[in-house]
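Q: Give the three-dimensional model of this entry:
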Amino acid sequence: MGDESAERRPAGELEAGVLAALWAAEGPLTPGQVQGALGTRLARTTITTILSRLYEKGTVTRVRAGRGYAYTPTEDAPGLTARRMHSELAKDEDRSAVLARFVSQLNDEDERLLRSLLDGGEARADDRPDGVDSLGGQDGGRAG
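A: Okay, here's the model as predicted:
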């Protein structure tokens, strides 16, 4: 029954792990390769299901690899986060209120960075909060 606890993790956590493995890869991965990269006791069928769901969401693409598929993420981690932010914003009719609330909750460093980006400036590493890399992701946040 050791596999059950892994199987019962939230779907978002499982998807995040699979995406991290794909982002760390140098090319498309089959479900078996994802399983190996994760070093997990998850069944290959579970990983295949997660990859199929990610494909249906447009988060990964796939190409034929033997009798199955090999998967590649459609965008990097910051791109996926940005897409999710846009999706959440689109769900609310009062975009102005949502954006105002979002901006009001930014810390000083993030506010400076956002102002710089909106003014057409290039974001520099020293404009970012500690621990955030040049792509906007957390340092060391990728599996590897």
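Q: Ala37 contacts Glu26, doesn't it?
A: No: using C-beta atoms under 8 Å as the test, Ala37 is too far from Glu26 to be in contact (11.2 Å). The way it works is simple: take the backbone N, C-alpha and C, and place the C-beta from them, glycine included.
Q: okay, the two: which has more neighbours?
A: Ala37 (19 against 5; other C-beta atoms under 10 Å).
Q: Check whether Arg62 sits in a helix, strand or coil.
A: At Arg62 the chain is in strand, as set by DSSP: H, G, I helix; E, B strand; the rest coil.
Q: Name whatever forms a beta bridge with it.
A: Tyr71 (DSSP bridges).
Q: could you list every residue that touches Ala65?
A: Going by C-beta atoms under 8 Å, 6 or more residues apart in numbering, Ala65 touches Pro28, Thr30.
Q: Please, where are all the helices along the protein?
A: For the chain, helices defined by DSSP state H occupy the ranges 2-7, 11-24, 31-38, 44-57, 77-90, 95-104, 108-118.
Q: can you list the ones you listed in CSV and add distance to Val63 and mean pLDDT?
A: Putting those into CSV (distance: least, C-beta to C-beta, whole Å; pLDDT from 0 to 100) gives the following:
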stretch, distance to Val63, mean pLDDT
helix 2-7, 28, 47
helix 11-24, 13, 90
helix 31-38, 13, 95
helix 44-57, 11, 95
helix 77-90, 20, 88
helix 95-104, 37, 90
helix 108-118, 35, 91
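Q: Can you lay out these as JSON lines showing distance to Gly68?
A: Below are the helices of the chain laid out as JSON lines (distance: least, C-beta to C-beta, whole Å):
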{"stretch": "helix 2-7", "distance to Gly68": "21"}
{"stretch": "helix 11-24", "distance to Gly68": "15"}
{"stretch": "helix 31-38", "distance to Gly68": "7"}
{"stretch": "helix 44-57", "distance to Gly68": "8"}
{"stretch": "helix 77-90", "distance to Gly68": "24"}
{"stretch": "helix 95-104", "distance to Gly68": "41"}
{"stretch": "helix 108-118", "distance to Gly68": "41"}
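Q: For Val18, give its distance to Leu106.
A: Counting by C-beta to C-beta, to the nearest Å, the gap from Val18 to Leu106 is 30 Å.
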